[in-house]
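Engineer: Just the structure for this:
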Amino acid sequence: MIILGLVFIFQFGISCSCLAINRSKQTDVINASWWVMSNKTRDELERSFDCCGLFNFTTLYQQDYDFCTAICKSQSPTCQMCGEKFLKHSDEALKILGGVGLFFSFTEILGVWLAMRFRNQKDPRANPSAFL
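Structural biologist: Below is the predicted model:
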């Protein structure tokens, strides 16, 4: 019962933080992780998402755009920025994860309540003259 209560607190906190994170914080996280990635990882992301560069306000956007290997660059003069696609996907994923986490955290509260309610109930098939 105690462990289930602790799991509820942890899961409820994570779910609320997933739902509460705003677009500017998501942008900060995506921007920070983009510059930590290796060039190979960036190229793979640009190819799989079919986009070039991160955000237009970054100082190295033109350099990212010049070395982009996405298909959209060869088909049209401008490609969609990867940052916008990442924001769309991350916003959608955070909402789904937060909602599912909240649902299961409240079912855990139901489990805690049921455990408290029925923890001292005696077995009806047991011998009533027995001590325990």
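
Engineer: what are the ranges of the helices in this structure?
Structural biologist: Assigned by DSSP state H, the helices in the chain fall at 2-20, 23-36, 39-49, 61-66, 71-75, 82-118.

Engineer: Please enumerate residues in contact with the fifth one?
Structural biologist: Contacts of helix 71-75 with the rest of the structure, by Cβ atoms under 8 Å, 6 or more residues apart in numbering, involve 47, 50-52, 65, 79-80. Heads up, the C-betas are built off the backbone N, CA and C, glycines and all.

Engineer: Run a quick check on Leu94 versus Asn22, I expect a contact.
Structural biologist: No: Leu94 is beyond contact range of Asn22, at 10.3 Å (criterion: Cβ atoms under 8 Å).

Engineer: And these two? Which one has more around it.
Structural biologist: Ranked by neighbour count (other Cβ atoms under 10 Å), Leu94 and Asn22 place Leu94 first, with 17 against 9.

Engineer: how much space between the closest residue to that one other than its chain neighbours and Ser48?
Structural biologist: The shortest distance from Leu94 to any non-neighbouring residue, by Cβ to Cβ, 6 or more residues apart in numbering, is to Cys18 (4.7 Å). Applying Cβ to Cβ, to the nearest Å, the value for Cys18 to Ser48 is 24 Å.
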